[in-house]
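Peer 1: coords below, sequence missing:
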DNA sequence: CAAAGTTAGTTTATGCCGTAAGGAGTTGCA
DNA sequence: TGCAACTCCTTACGGCATAAACTAACTTTG
């Protein structure tokens, strides 16, 4: 019997994720002033508003009027805290998309919701996906997508691949917009200011741009990079636009796969 | 006339990216023992083999037999170094995909190459996409994809959205596999060991798994999560698999869009 | 009721990080 | 010869996660 390194820690972190420990019975020592839930909530608030880079044990502790070390009574390490944040945030996703209007509408609503969720919590995209956290809400999210996709009649293996493709796309599309939103605050420049300054430098540094990049120059001329709506920052418009179009492309592709499989 | 914050730095970083500074003329002071290229090369080597987290100015300096501070003579800051690494690495992508066999084959080869590239340089995926680096090789990469896609006959706006969708998907799919590759080294556990330990804990912590997640349980039973090839780690197989299937789905979706547009 | 044991939270310290500041040594040009 | 420009170093600051040792609060046991 092999005992894997860190298995004891794994047990503790799974217990935290699935909340299987009972803490109602009286225990010696001072009453805890904090709780895991409170710490996770606070950490999520920091990551939402100031980004993952600003999330430190000190910062969380400070918001709660404690030192960084105080948190270690509740949570084994920062990485466990991030795992808890990850699963905790996923709880806000809805679990029952309507299948009345068909799988296409349901997938669309699942994807839109997930996209908005990631844009709202951009730090989620920085948590590694391999070796998933395996918390309850992550399973709920996957189960929900699979439940919808099963309506297509595709076999289980194809379903897994389709779901993976959708997830990759939604995450990727959300990341672009999330980064676009953070950029102005991070650099102190609006999209327009930034682009104005950069494009001036670009013609300075690459005066032969049009010859080197003819297709891009053509697209620029066709107005492919023109803002439609002046009230929304350009990069955000482009991101939303790409997501909407990409989703249709994917759904059409899935329908094609159903046709081939005789679904 | 507004002068934007950081524009002076922006000029220097653009000059570094596009290599428009000449250093051949004699200058006072000791001969530089290092060079921007050498530093960028070394930094890329570290990020490739040990991950972005292991990339520090001290680490780069040490490999070159210098202190961290020595690098600041060549490169203004770590974030500029990362920008240089980003564009430098992109240079290895090929610029002339064959269009003889049609756009589908060309897009497939572009996507495969990009996917392999990102898996080889996973740290690339951690460099923000909004406010792009705007180096020469980044433009080459986009130009090449657009050149291929233009064969579809779609309008410029649609092209932009299709290209964005493809990029999101390729990046997302590559990220999954890149993380899967790093996981065993990071945790000291193979996929199988890890899964074995975790699934034991999972039944402990969620004995009612089958009722809570019926679709996932069904898929498991159908063998959707079964490894096909014992010589390749499971997560990597799944990632490759998803990428291949997703690409076909996307291409079919693009064809559908061409049909609608009468292309 | 007192001693013992457990727990929450603190302070302190270690070894990382990016990088500012200032100094030492090297080189080309006046 | 001297100055200015240049490379590279040491030192230092404030940040980070977290280990270790401590205090103080509380329950349980004798």
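Peer 2: Great, that's in hand. Note that the structure is predicted; figures quoted are calculated from it, not measured. Numbers count the residues shown, from 1 in each chain, chains lettered A, B, ... in the order given.

Peer 1: Would you quantify the distance from the residue in the stretch 151-263 of chain A that DNA strand D sits nearest to to DNA strand C?
Peer 2: Evaluated by C-beta to the nearest atom of the strand, the stretch 151-263 of chain A has residue A:186 as its residue closest to DNA strand D, separated by 16.7 Å. (Each C-beta comes from the backbone N, C-alpha and C, glycine too.) Using C-beta to the nearest atom of the strand, to the nearest Å, residue A:186 is found at 13 Å from DNA strand C.

Peer 1: Is the helix or strand where that residue lies positioned near chain B?
Peer 2: Assigned by DSSP states H and E, residue A:186 belongs to helix A:156-187. Yes. Judged by C-beta under 8 Å from any C-beta of the partner chain, helix A:156-187 and chain B are in contact via A:156-162, A:164-165, A:167-169, A:171-173, A:175-176, A:179-183, A:187.

Peer 1: other SSEs contacting that helix?
Peer 2: helix A:103-120, helix A:136-149, helix A:191-205, helix A:234-260, helix B:156-187, helix B:214-222, helix B:234-260 (3 or more C-beta pairs under 8 Å, 6 or more residues apart in numbering or on different chains; DSSP states H and E).

Peer 1: Start and end of stretch A:70-82, how far apart?
Peer 2: Criterion C-alpha to C-alpha, to the nearest Å; first-to-last residue distance in stretch A:70-82 is 17 Å.

Peer 1: Contacts for that stretch, please.
Peer 2: The set of residues that contact stretch A:70-82 without belonging to it, under C-beta atoms under 8 Å, 6 or more residues apart in numbering or on different chains, is A:9, A:12-13, A:16, A:32, A:34-36, A:39-40, A:43, A:55-57, A:60-61, A:64, A:84, A:127.

Peer 1: Stretch A:33-51 too?
Peer 2: A:16, A:54-55, A:59-60, A:63-64, A:66, A:70-71, A:73-75, A:81-82, A:84-85, A:88-89, A:120-123, A:182.

Peer 1: how does it look with 7 Å?
Peer 2: Stretch A:33-51 has contacts (C-beta atoms under 7 Å, 6 or more residues apart in numbering or on different chains) with A:16, A:54-55, A:59-60, A:63-64, A:66, A:71, A:74-75, A:81, A:84-85, A:88-89, A:121, A:123, A:182.

Peer 1: Also near DNA strand C: which of those, exactly?
Peer 2: A:66, A:74 (C-beta under 7 Å from any atom of the strand).

Peer 1: Show me just the buried residues among the contacts of stretch A:33-51.
Peer 2: When neighbours are counted using 16 or more other C-beta atoms under 10 Å in any protein chain shown, the contacts of stretch A:33-51 contain these buried positions: A:16, A:55, A:59-60, A:64, A:71, A:74-75, A:81, A:84-85, A:88-89, A:121, A:123, A:182.

Peer 1: Tell me which of those residues fall in helices.
Peer 2: Residues of these located in helices (DSSP state H): A:16, A:59-60, A:81, A:84-85, A:88-89, A:182.

Peer 1: ok, of the residues you listed, which one's closest to DNA strand D?
Peer 2: Minimum distance to DNA strand D across those is 5.4 Å, recorded for residue A:59 (C-beta to the nearest atom of the strand).

Peer 1: How about the closest one: what's its closest non-neighbour residue?
Peer 2: With sequence-adjacent residues excluded and distances taken as C-beta to C-beta, 6 or more residues apart in numbering or on different chains, residue A:59 is closest to residue A:46, at 5.6 Å.

Peer 1: May I see the helices and strands packed on helix A:156-187 organised as CSV, with mean pLDDT added?
Peer 2: Below are the helices and strands packed on helix A:156-187 laid out as CSV (pLDDT from 0 to 100):
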stretch, mean pLDDT
helix A:103-120, 97
helix A:136-149, 96
helix A:191-205, 84
helix A:234-260, 95
helix B:156-187, 90
helix B:214-222, 97
helix B:234-260, 95
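
Peer 1: among those, which is nearest residue A:220?
Peer 2: The stretch from those with the least distance to residue A:220 (C-beta to C-beta) is helix B:156-187; that distance is 8.6 Å.

Peer 1: hang on, the earlier thing: restrict the contacts of stretch A:70-82 to those near DNA strand D?
Peer 2: When these are checked against DNA strand D using C-beta under 7 Å from any atom of the strand, the ones in range are A:55-57.

Peer 1: tally of neighbours for the residue nearest to residue A:83 when sequence neighbours are not counted?
Peer 2: Closest residue to residue A:83 in three dimensions, ignoring its sequence neighbours and counting by C-beta to C-beta, 6+ apart: residue A:133, at 4.7 Å. By other C-beta atoms under 10 Å in any protein chain shown, 22 other residues sit near residue A:133.

Peer 1: Quick check: phi and psi on residue A:56?
Peer 2: Note on residue A:56: backbone dihedrals following degrees, to the nearest 10 are phi -130, psi 160.

Peer 1: how far away is the closest residue to it other than its chain neighbours from DNA strand C?
Peer 2: Distances taken as C-beta to C-beta, 6+ apart place residue A:68 nearest to residue A:56, at 7.4 Å, with adjacent residues excluded. Per C-beta to the nearest atom of the strand, residue A:68 is found 7 Å from DNA strand C.

Peer 1: Over to residue A:17?
Peer 2: For residue A:17, the distance to DNA strand C equals 19 Å [C-beta to the nearest atom of the strand].

Peer 1: Could you report the separation of the residue lying closest to that residue once chain neighbours are set aside from residue A:256?
Peer 2: Among residues not flanking residue A:17 along the chain, residue A:135 sits closest, at 4.1 Å (C-beta to C-beta, 6+ apart). From residue A:135 over to residue A:256 the distance is 35 Å, taken as C-beta to C-beta, to the nearest Å.

Peer 1: neighbour-wise, which of those two wins?
Peer 2: Shown here are residue A:135 and residue A:256; by other C-beta under 10 Å, residue A:135 has more neighbours (22 against 17).

Peer 1: Which pLDDT value belongs to that one?
Peer 2: With respect to pLDDT, residue A:135 has a value of 89.

Peer 1: from memory it sits against residue A:87, does it?
Peer 2: Yes. With contact defined as C-beta atoms under 7 Å, residue A:135 counts as touching residue A:87 (2.9 Å).

Peer 1: Next, show the common contact partners of these two.
Peer 2: residue A:17.

Peer 1: from chain A, which residue is nearest to DNA strand C?
Peer 2: Distances between chain A and DNA strand C by C-beta to the nearest atom of the strand are smallest at residue A:29, namely 2.6 Å.

Peer 1: Pull the number of nearby residues for that residue.
Peer 2: Residue crowding around residue A:29 was assessed by other C-beta under 10 Å; the count is 6.

Peer 1: Next, it: secondary structure please.
Peer 2: Going by DSSP: H, G, I helix; E, B strand; the rest coil, the secondary structure assigned to residue A:29 is coil.

Peer 1: can I get the ones next to DNA strand D among the contacts of stretch A:70-82 in a markdown table with pLDDT?
Peer 2: Rendered in a markdown table, the data for those read as follows (pLDDT from 0 to 100):
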| residue | pLDDT |
| --- | --- |
| A:55 | 97 |
| A:56 | 98 |
| A:57 | 98 |
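
Peer 1: Next, the buried residues of stretch A:199-215.
Peer 2: Neighbour counts using 16+ other C-beta under 10 Å place A:201-202, A:205-206, A:209, A:213, A:215 of stretch A:199-215 among the buried residues.

Peer 1: of those residues, list those near chain B.
Peer 2: Contacts with chain B are made by A:201-202, A:205-206, A:213, A:215 out of these, judged by C-beta under 7 Å from any C-beta of the partner chain.

Peer 1: count of residues packed around residue A:171?
Peer 2: By other C-beta under 10 Å, neighbour count at residue A:171 equals 22.

Peer 1: what's around the residue nearest to it when sequence neighbours are not counted, how many residues?
Peer 2: Using C-beta to C-beta, 6+ apart and skipping residues adjacent in sequence, the residue nearest residue A:171 is residue B:172, 5.2 Å away. By other C-beta under 10 Å, 28 other residues sit near residue B:172.
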